[in-house]
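Asker: quick one: sequence and predicted model below, then my questions.
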Amino acid sequence: MDIILVPLLTVVDIALAIYWYIVLATVIFSWLLAFGVVNTYNHAVRTIGEVLARLTEPALRPIRRWMPDIGPVDLSPIALWLILIFLRMVVGELLVVVRQV
């Protein structure tokens, strides 16, 4: 069982870590758009924004429905980061338990 479970949990942990950075890139991209540093008239910028939105919106949309609206500040990425950190901690503890058995 360890032959399959340890690599699987390791891949899940890596995927969660990569997704954490994708959410960070989405937040930074939204700030750059809001402050006018980049604009969506550029095809490359628009494509990057669409890719980031398609990767993060399925996870952020339910969190936005659940969280209260506090105006122009979007706290849903912070909630998603906390969820991702929690999941990575759970996966890490499972790895420790599986390796001990």
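Answerer: Now that the structure is in, tell me what you want to look at. Predicted model, so just to flag it, every value in this text is computed and none were measured. Residues are numbered from 1 along each chain as shown.

Asker: now do the helices in the protein.
Answerer: Assigned by DSSP state H, the helices in the chain fall at 2-34, 43-66, 76-100.

Asker: in CSV, list the ones you listed along with mean neighbour count and mean pLDDT.
Answerer: For the C-beta atoms, the positions are set from N, CA and C on the backbone; glycine is no exception. Formatted as CSV, the helices of the chain follow (neighbours: other CB atoms under 10 Å; pLDDT from 0 to 100):
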stretch, mean neighbour count, mean pLDDT
helix 2-34, 14, 95
helix 43-66, 13, 96
helix 76-100, 14, 95
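
Asker: what lies in contact with stretch 6-18?
Answerer: Leu84, Leu87, Arg88, Val91, Gly92, Leu94, Leu95, Val98, Arg99 (CB atoms under 8 Å, 6 or more residues apart in numbering).

Asker: dump these into CSV; add distance to Val45 as well.
Answerer: Listed next are the contacts of stretch 6-18 as CSV, based on distance: CB to CB, whole Å:
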residue, distance to Val45
Leu84, 26
Leu87, 31
Arg88, 30
Val91, 34
Gly92, 36
Leu94, 40
Leu95, 39
Val98, 43
Arg99, 44
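
Asker: and which of the residues you listed is nearest to Leu33?
Answerer: Leu84 (23.0 Å; CB to CB).

Asker: that closest one and Leu94: what is the separation?
Answerer: When distance is defined by CB to CB, to the nearest Å, Leu84 is 16 Å away from Leu94.
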